[in-house]
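Participant: Give the three-dimensional model of this entry:
(one chain, ligands or ions: 1)
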Amino acid sequence: MPKGKVAIVTGASRGIGRSIALALAANGARIVAVDVSLEGTEAMVAEIREKGGEAVAVQGNVTVSADVERMIDSAVESFGRVDILVNNAGITRDALLLRMKDEEWDAVLNVNLKGAFLCSRAAAKVMSKQRYGRIINIASVVGQMGNSGQANYCASKAGLMGLTKSNARELARRNVTVNAVAPGFIATDMTEALPEKVKQELLVQIPLERLGTADDIANAVLFLASEQSGYITGQVIGVNGGMYM
Ligand code: NAP
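Facilitator: Here you go, the predicted structure:
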């Protein structure tokens, strides 16, 4: 378990990122929680501290290089190192291909893919010097399967899996592993927005017959962040109830 390790989690104020930060903290990691909204992030950090853990909140946008640098500086100033980076921040701007606006494409690719690139590059500098690191990218089952109405989102998540493998090859010699978790449909604000009919159609595609929980994803991240996963790199672990095999 990641006891004493320093973990940066992006998009940590709610949903899957929040569960990941809380799970890492519960297992002894010191947390740097990053999000555009400071209020939710500070509340999450307060929750960790109340339970005796260590955490700091950083307001930052993963698409802005200066914010990303500040996030790394904050981790090093507060805790002296960066052991784990979880690239979790993500957005959707769904539309059918023929109606998708340039801005919708750009916004999703920027946050989901460029954001992960900027954070990985910045964290890898510190991790390479330390000769230790774990980078975990939160992709999606739809990056593997495709999904109608999500050309931008699916492309960003498929790209993130490519980034995972490329970075895994480059950083392995520095003892930095890079893996992805590809969640299926998880009950969070992101999926809450879906119409009931769409949710029912999704459920019949899931052999385990339920939506996943944010904790299901946090458990996989916990494993990839731990010492026990040291010989795993460049992999995409599906946590999807069997929806895609
Ligand atoms: P969520 O509830 O919408 O939370 C996303 C978080 O990311 C929010 O806290 C959001 O901040 C933050 N964020 C958005 N843009 C950001 C930026 N530019 N910089 C920093 N933080 C930013 O989403 P979720 O369902 O927990 O999803 C988390 C990750 O899992 C995403 O990458 C998503 O694509 C992936 N995923 C989710 C599902 C699912 O079914 N839910 C399935 C597969 C993959 P605000 O609170 O300020 O908006």
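
Participant: Mind listing what's buried along the helix or strand harbouring Met71?
Facilitator: Assigning secondary structure by DSSP states H and E places Met71 in helix 65-79. Residues of helix 65-79 classed as buried: 67-68, 70-72, 74-75, 79 (neighbour count, 16 or more other C-beta atoms under 10 Å). (Each C-beta comes from the backbone N, C-alpha and C, glycine too.)

Participant: and if you look at stretch 185-201?
Facilitator: For stretch 185-201, by 16+ other C-beta under 10 Å, it's 185-186, 188, 190-191.

Participant: which residues touch the helix or strand of the chain with the lowest mean pLDDT?
Facilitator: The helix or strand of the chain with the lowest confidence, counting by mean pLDDT, DSSP states H and E, is helix 189-192 at a mean of 85. Defining contact as C-beta atoms under 8 Å, 6 or more residues apart in numbering, one finds that helix 189-192 is touched by 14-15, 90, 92, 185, 199, 211.

Participant: same thing but at 10 Å, please
Facilitator: Residues outside helix 189-192 that contact it (C-beta atoms under 10 Å, 6 or more residues apart in numbering): 14-16, 90-92, 140, 183, 185, 198-199, 202, 211-212.

Participant: how about those in CSV, adding secondary structure?
Facilitator: Shown next, in CSV, are the contacts of helix 189-192 (DSSP: H, G, I helix; E, B strand; the rest coil):
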residue, secondary structure
Arg14, coil
Gly15, helix
Ile16, helix
Gly90, coil
Ile91, coil
Thr92, coil
Ser140, coil
Pro183, strand
Phe185, coil
Val198, helix
Lys199, helix
Leu202, helix
Leu211, coil
Gly212, strand
